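Chemist: A structural model of the following input is requested.
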Amino acid sequence: MNVKTFLRPIAAASLTIAMSSAMLCGCESSDDHAGDYWTTESKAKPSAGASAGTSTKPSSSSGSRSSSSSGSGQSSGSDSGSATAEGAADQVPFGSLHWKFGGVNGARANKTSASIGGLSVGARSLSYRWTGPTLRSWGLSDGNAGAYACFFVMKADGTWVGGKFDWISTSRTSRGFENIMSGYGGWSLAGVPNPCPCAFVIVSSDCRRRTNVIAGRWSR
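Modeler: Sure, this is the predicted structure:
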């Protein structure tokens, strides 16, 4: 066998391998392009269903906040009304006052928004001022003496005794002690030290309503 005869099959085989390689390179390039295309397409066009869900879904948290705010508003309104009805604080517990004199018993009177303060007590009279709603809130005009002026003193044993000693109106912010000294309605200062703690409160003539109780000291 000569050299040409031996090399001819080898050359043919090499040519076949080269052609096959060229074809495979072409296919890989085409597949790579196709992969890039679908990736770009999916990024440019997100799922229509997902987009629609995002735009139409209501916000549950904002609804909760609205309900909560509304509830808070109503609650604040309620608290504010209660505070107004209670008026100023009692300086002496109302339940500790014993209604012994004056012919009336105001022990069951309910505290209202009508408020007084600044009690000043002299030997023969007292004065005070209005610090909130007046007796107009009870339906009485300023000059209508349609309520009771009630005075209490502390005895040596620590008990509070007293009761009505005069009539009073919003415009009359001072009252004399003439009735107390003269024994009006059974008034007596027996067992009451001098000076002594004292208290003043205004009660409606039907004994259903009252102001707050204010306190002082009486030297007679």
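
Chemist: Kindly report the domain assignment for this protein.
Modeler: 3-85, 94-218 (automatic domain parsing).

Chemist: Out of the ones you listed, which gets the lowest mean score?
Modeler: Set side by side, those give their lowest mean pLDDT on domain 3-85, at a mean of 40.

Chemist: Contacts only, for residue 90.
Modeler: Neighbouring residues of residue 90 by CB atoms under 8 Å, 6 or more residues apart in numbering: 111, 212, 213. Where C-beta positions appear, they are placed from N, C-alpha and C, glycine not excepted.

Chemist: and if we set it to 10 Å?
Modeler: 96, 97, 111, 199, 201, 210, 211, 212, 213, 214, 215 (CB atoms under 10 Å, 6 or more residues apart in numbering).

Chemist: Looking at these, spot the one nearest residue 135.
Modeler: residue 211 (8.7 Å; CB to CB).

Chemist: Would you agree that closest one is in contact with residue 119?
Modeler: No. Residue 211 lies out of contact with residue 119 (CB atoms under 10 Å); the separation is 11.5 Å.

Chemist: if you count what's nearby, which of these two comes out ahead?
Modeler: Shown here are residue 211 and residue 119; by other CB atoms under 10 Å, residue 211 has more neighbours (32 against 18).

Chemist: which residues touch the more buried one?
Modeler: Taking CB under 10 Å, 6+ apart as the test, what residue 211 contacts is 87-88, 90, 109, 111-117, 128, 130-135, 137-138, 147, 150, 200-204.

Chemist: ok, 7 Å please
Modeler: 114, 115, 116, 201, 202 (CB atoms under 7 Å, 6 or more residues apart in numbering).
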